[in-house]
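*Asks:* build me a model from this:
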Amino acid sequence: MKFRGIAISDEKWETTVAYGSYYCEVTVLEVLYDPNSTLSSRDNVTIAYQESLSLHVGDEIECHGINCINCSTCPKQCYGYIVCKPTPYYVVPEFSSLIILPLFMIATLVAIIVYRKKTFVPLQ
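*Replies:* Here you go, the predicted model:
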């Protein structure tokens, strides 16, 4: 399964979560791939992942993992989580558009200034 979500808890570490994992609670914003239709927008889920991402409340992420929330065949330590490890599964932080737009505007202004300096011909 794959979805976009927003963290509603800060990242934590626990050895008993999915055989030792970082984890946090997430509200699903958009379901990108769910062949069994087990996930819906606005669902609150807990994701487990391998590497620390220093996630905090409000961080937007994209998750690709195995749904072990109500899975009777998943290992006991994974039950209740969406497990986003090992590769090819992942959790990737997304930059907010509130950050990207100002960075784009600054890069554009810098490019204009550099271009004008290169093409400036002084009057004689």
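
*Asks:* and the helices in this structure?
*Replies:* 97-119 (DSSP state H).

*Asks:* in it, what helix or strand scores lowest on average pLDDT?
*Replies:* Least confident helix or strand, the chain: helix 97-119 with a mean of 73, by mean pLDDT, DSSP states H and E.

*Asks:* so how far is that helix from its chain's centroid?
*Replies:* Distance, stretch centre to chain centre, for helix 97-119: 27 Å (C-alpha atoms, centre = their mean, to the nearest Å).

*Asks:* longest strand in the chain, by residue count?
*Replies:* strand 21-33 (DSSP state E).

*Asks:* that one pairs with which strands, parallel or anti?
*Replies:* Applying DSSP bridges, strand 21-33 is found paired with strand 2-7 (antiparallel), strand 12-14 (antiparallel), strand 44-49 (antiparallel).

*Asks:* go ahead and confirm I66 touches P88.
*Replies:* No: here I66 lies out of contact with P88, judged by C-beta atoms under 8 Å, at a distance of 10.8 Å. Backbone N, C-alpha and C define where each C-beta goes, glycine included.

*Asks:* show me which of these two is the more surrounded one.
*Replies:* Higher neighbour count among I66 and P88: I66, with 17 against 7, using other C-beta atoms under 10 Å.

*Asks:* show me the contacts for that one.
*Replies:* 1, 74, 78, 82-83, 89 (C-beta atoms under 8 Å, 6 or more residues apart in numbering).
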